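Enquirer: just need the structure, nothing else, for what follows:
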Amino acid sequence: MVNPWAGEVALQINGQRHVAKLTLGTLAELEGSLQGEGLVDLVERFEKGRFSARDVLAVILAGLRGGGWQGSAVDLAGAEIAGSPLQAMQCAAELLARAFALPGGE
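Expert: Numbers count the residues shown, from 1 in each chain. From the prediction side, this is the model:
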């Protein structure tokens with residue numbers, strides 16, 4: 001069971017359920033992978049629906065690492081995510097929303 005209050009999101013990869021969450025360390029990793037763009041730019045792309053598949057994979061990879069997954073970007077790129085690419089996009093958007101939501105919905 002995931003805890004949305006802890007920023008967790010469930011994702012099924014290659015038939016195995018994983019819990020993903022963005023920690024401070026994985027957010028720093030994610031920001032480093034954005035090639036000069038910041039996290040605010042990434043969040044804005046998701047809010048406007050202008051994100052790329054690269055963005056989705058980067059967010060999911062960071063979230064999986066935050067949840068303890070030991071795989072690599074190559075592993076994730078070749079993996080089957082249950083629910084199609086749409087599920088992957090929704091998962092990435094949820095991870096970002098939960099990571100940056102203010103307590104009490106403010």
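Enquirer: show me the contacts for residue 97.
Expert: By C-beta atoms under 8 Å, 6 or more residues apart in numbering, residue 97 lies in contact with nothing. For the C-beta atoms, the positions are set from N, CA and C on the backbone; glycine is no exception.
Enquirer: show me where this protein has its strands.
Expert: Taking DSSP state E as the criterion, the chain carries its strands at 9-13, 16-20.
Enquirer: single out the most deeply packed of the ones you listed.
Expert: strand 9-13 (a mean of 20; mean count of other C-beta atoms under 10 Å).
Enquirer: average pLDDT across the helix ranked longest in the chain?
Expert: Counting by DSSP state H, the longest helix found in the chain is helix 84-100. If you average the pLDDT over helix 84-100, you get 92.
Enquirer: on that earlier part again, wait, which of the strands of the chain is closest to residue 79?
Expert: Of all the strands of the chain, it is strand 9-13 that lies closest to residue 79, at 4.8 Å by C-beta to C-beta.
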